[in-house]
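**Student:** below: sequence and its predicted model.
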Amino acid sequence: MTPLPSSTDRRIVLLSVFLLALLSVLAILLAPGTGGSLRGYPSSYSPARDGAKAAYMLLGEMGYRVERWASPPEDLPNPSKGVVLIIAGPFIRSSLEERRQLKQFVAGGGRLLITGPIGATMIGGVGVDPGVLPLEGWQTFAAEVPSPLTRHAPEIAMQSSTRWVVLDARQQRYYGSDEGATVTKWRMGEGEVIWWADDSPLTNYGITKSSNLELFLNCVGSAEQTRVLWDEYFHGVRLGLWHYLAHTPLPWALAQLLFLGIFVIVTYSRRSGAVRPLGQRSRLSPLEFVETVGTLYERKGAAAGALEIAFSRFRLLLARRMGLPSTATTAELIRAARERSGWTIPDLAETLDRIESAVKLQEITETNALAWVGKLHDFVQRLGLEG
């Protein structure tokens, strides 16, 4: 019977649960916000004033291959030629690895439309002045250069104080004010990046103002050759907990825990299984018996006795094969062997005579005894006496 936990153990468990709940509540209450703005964000799911569902649905109605993108940047198409990625109003900051993957997407031929100061940092932009909180009123900006980006869009309206103040040599300014650029574009590898100071021109409300719709469509490109990915990943929409965890070391940790669990189960089953006695090797095994007898003969120096045993065994086998009684003499055995067809062994008679004489005289060295025992074994094999 399993013993019940003690009162001390119960208090420790209850305290741990209380601390865990307290930390969870504090983490929710003290979590940093997404900024000082009370505005919404341009989600393709949102029909609110600051949402962007209208722009997303419009692309589909105009024949664009448009889809929501909730995967990390590492899953972006490669090669990316003909793919437009829209990251409008991101508020979840990217990691260094995600920034590298975004640049790789653009360098591979993709087009990136990104907005705001956070968007500028995601592509390694410097020289951006985030300004103060987004303006309450709308400002208009006239097109500064003729280009496909400003076609049919002589003036746009935007609600932001963010400006790209210092442009590098790669960047082209298309809209702006004395404080800096509000729309700029530059090449990166085989692709290009388009940056807006704010996402307001593509929101459900802002897309209807001035030439914002024309600017948006110019940035996206033609419907026939374009696949549009509307990013929701940096709005916090992810494919799920398991998809996120799959990119962490957790699966390997779980695999190790599974292996440890199997190891514990196997160990427990071996310790808790039926008890069986260990098998005892017989001390009378043939090889051990031969080694023991050989050691005894060696200690006693009884080479003659060992040779006599081997010689008697050979005589018995030969007599049985010849059909003679076991009391037949060595000479009778040799004569019978000579008379048998195919039993011509040149040194058989001589070797048997010498062994018989040595056994009678008991004058045998260990070397001679070993050599004669080997001879007798060879005769047994050549005459097939054990067959």
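**Tutor:** That came in fine, so what should we check first? Numbers count the residues shown, from 1 in each chain.

**Student:** quick one: neighbours of Gly374, just the number.
**Tutor:** Other residues near Gly374 come to 11 when the count uses other C-beta atoms under 10 Å. No exception for glycine: its C-beta is placed from N, CA and C like everyone else's.

**Student:** likewise Gly131?
**Tutor:** For Gly131, which is what you asked about, the neighbour count (other C-beta under 10 Å) is 16.

**Student:** the helix or strand Ile334 falls within: which residues count as buried?
**Tutor:** Here Ile334, judged by DSSP states H and E, is contained in helix 330-339. By neighbour count with 16 or more other C-beta atoms under 10 Å, helix 330-339 contains the buried residues Thr330, Leu333, Ile334, Ala336, Ala337.

**Student:** looking at these, which is nearest Asp75?
**Tutor:** Out of these, the one with the shortest distance to Asp75 is Ala337. That distance is 90.9 Å, counting by C-beta to C-beta.

**Student:** if I look at Ile207, how far off is Phe234?
**Tutor:** Taking C-beta to C-beta, to the nearest Å as the criterion, Ile207 is separated from Phe234 by 20 Å.

**Student:** more crowded one of these two?
**Tutor:** The residue with the greater number of neighbours, taking Ile207 and Phe234 and applying other C-beta under 10 Å, is Phe234; the counts read 24 against 19.

**Student:** ramachandran coordinates for that one?
**Tutor:** Summarising the backbone geometry of Phe234 under the convention degrees, to the nearest 10, its torsions are phi -90, psi 10.

**Student:** for it, which non-adjacent residue is closest in space?
**Tutor:** Distances taken as C-beta to C-beta, 6 or more residues apart in numbering place Pro90 nearest to Phe234, at 3.7 Å, with adjacent residues excluded.

**Student:** which SS class is the one you found?
**Tutor:** With DSSP: H, G, I helix; E, B strand; the rest coil as the basis, Pro90 sits in coil.

**Student:** could you check how many residues crowd around Ala328?
**Tutor:** Around Ala328 sit 16 other residues, with neighbours defined as other C-beta under 10 Å.

**Student:** swap in Arg93?
**Tutor:** The number of residues packed around Arg93, counting by other C-beta under 10 Å, is 12.

**Student:** pretty sure it is touching Pro117, no?
**Tutor:** No - taking contact to mean C-beta atoms under 8 Å, the distance of 10.8 Å between Arg93 and Pro117 leaves them out of contact.

**Student:** how far away is Tyr233 from Gln101?
**Tutor:** Summarising the geometry, the distance separating Tyr233 from Gln101, computed by C-beta to C-beta, is 11 Å.

**Student:** for Arg68, same thing?
**Tutor:** Relative to Gln101, and taking C-beta to C-beta, Arg68 is found at 18 Å.

**Student:** now the helices for the protein?
**Tutor:** Read by DSSP state H, the chain holds these helices, from start to end of the chain: 7-29, 53-61, 96-107, 116-122, 212-220, 241-245, 250-272, 286-300, 303-322, 330-339, 348-361, 366-383.

**Student:** and those, which one is worst for confidence?
**Tutor:** Least confidently modelled of the helices of the chain is helix 241-245, at a mean of 55 by mean pLDDT.

**Student:** mind listing what Asn204 touches?
**Tutor:** Ser46, Pro47, Ala48, Arg49, Asp50, Gly51, Ala52, Lys53, Ala54, Ala55 (C-beta atoms under 8 Å, 6 or more residues apart in numbering).

**Student:** give me phi/psi at it?
**Tutor:** Note on Asn204: backbone dihedrals following degrees, to the nearest 10 are phi -60, psi -30.

**Student:** use 58 as the first number for this chain going forward.
**Tutor:** Sure, I'll start counting at 58 from here, so that last one is Asn261.

**Student:** one step back: wait, which of the helices of the chain is closest to Ala200?
**Tutor:** Taking C-beta to C-beta as the criterion, helix 269-277 is the member of these that comes nearest to Ala200, at 9.0 Å.

**Student:** in CSV, could you pull the C-alpha coordinates for that closest one?
**Tutor:** Below are the C-alpha coordinates for helix 269-277, written out as CSV (Å, rounded to 0.1, in the frame of the first residue of the first chain):
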residue,chain,number,x,y,z
ASN,A,269,-3.7,55.6,-51.3
LEU,A,270,-5.4,52.7,-53.2
GLU,A,271,-3.3,53.5,-56.3
LEU,A,272,-0.1,53.6,-54.2
PHE,A,273,-1.0,50.3,-52.6
LEU,A,274,-1.7,48.5,-55.9
ASN,A,275,1.5,50.0,-57.5
CYS,A,276,3.5,48.6,-54.6
VAL,A,277,1.9,45.1,-55.0
